[in-house]
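[1] sequence and predicted structure, then a few things I'm wondering about:
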Amino acid sequence: MSDAADPKMALVASNAEAAQAAEAMLRQRYDFVPTEEADLIVALGGDGYLLHTLRERLSLGRVCPVFGMNRGTVGFLMNDWRIDGLIERIRRAKSFTVRPLEMTAVTDSGETISHHAINEVSLLRETRETARIQVSVNGRVVLPELVCDGVLVATPAGSTAYNLSANGPILPLNSKLMALTPISPFRPRRWRGALIPDDLTIQLRVLDPGKRPVSAVADQIEVRDVATVEVCLDRADVLTLLFDPEHALDERITMEQFAV
């Protein structure tokens, strides 16, 4: 951040008890403005709450930098919680820009629903029946039939989350790639996913939505009974996350490759 005049800060917190207690302490110590007047937002909670805050800013059409402090569980996308030195931390913070995914889903009934995702868009089977999904890239069918529990498309920022749990690759933050990763694939047995340039569009078509229903999930937002899902990078919106220099996002993503 610039060392010019201190930015106007807004403070938001999840409903978790630890986040609410931290909010009360910060409000006694620092001055905050309403979110609509803020130059940046301080968010208290876990990764899920940070994603919620970013998506909310997108939906309102007013995107500003977010400095998160972990009052949740994992907190991979968050800075450490400390009450002291907040202004100085924000002055020294390193900024990282990320672009969200845009998911456009058409349900089996014909309804079209769009959502943003900062981490990933995932398709998941709704019943005990395996899903059957056709995969295309820029309109070209690359997998005529993927039989699986699901499949996901992850951003570099989200590649260490669900994508990594599904044995997908960790992507450097500046890689300009999306990870296309199957979830418990049955056929083709040896396919473990692909790296897709982020200027391409991925189309996913459910081959038997009546018998084998599938949900699409943009981060935590679920759309049930989808027939087709299109995923691409949203180039119109840029999100900015602020991190302590010793807690920078790009370094954390790199070091995840050596975690045991």
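    Sure, I can see it. Numbers count the residues shown, from 1 in each chain.
[2] what about the stretch 1-150 of the chain, any weak spots by pLDDT?
    1-5 (pLDDT under 70).
[3] try it again with 50
    2-3 (pLDDT under 50).
[4] can you give me the strands in it?
    9-13, 40-45, 66-70, 94-98, 101-107, 112-117, 120-125, 131-137, 140-148, 150-154 (DSSP state E, counting those that start in this stretch).
[5] a markdown table for the ones you listed, including distance to L241?
    The way it works is simple: take the backbone N, C-alpha and C, and place the C-beta from them, glycine included. A markdown table is the format used below for the strands of the stretch 1-150 of the chain (distance: least, CB to CB, whole Å):
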| stretch | distance to L241 |
| --- | --- |
| strand 9-13 | 15 |
| strand 40-45 | 10 |
| strand 66-70 | 6 |
| strand 94-98 | 5 |
| strand 101-107 | 16 |
| strand 112-117 | 15 |
| strand 120-125 | 16 |
| strand 131-137 | 28 |
| strand 140-148 | 31 |
| strand 150-154 | 16 |
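[6] please work out which of those is packed deepest.
    Ranked by mean neighbour count, the strands of the stretch 1-150 of the chain are led by strand 150-154 with a mean of 26 (mean count of other CB atoms under 10 Å).
[7] okay, the angle between that one and strand 112-117?
    Counting by axes from the mean of the first three to the mean of the last three CA atoms, to 10 degrees, strand 150-154 points 50 degrees away from the direction of strand 112-117.
[8] partners of strand 150-154 in the sheet?
    Next to strand 150-154 in the sheet, as set by DSSP bridges, lie strand 120-125 (antiparallel), strand 177-183 (antiparallel).
[9] outside of the following helix or strand past it itself, list whatever touches it.
    Later in the chain than strand 150-154, the nearest helix or strand by DSSP states H and E is helix 162-165. Outside helix 162-165, the residues within contact range by CB atoms under 8 Å, 6 or more residues apart in numbering are N119, E120, S122, L152, A154, P169, I170, A179, T181, E256.
[10] between the strands of the stretch 1-150 of the chain, which gets nearest to F32?
    strand 9-13 (4.4 Å; CB to CB).
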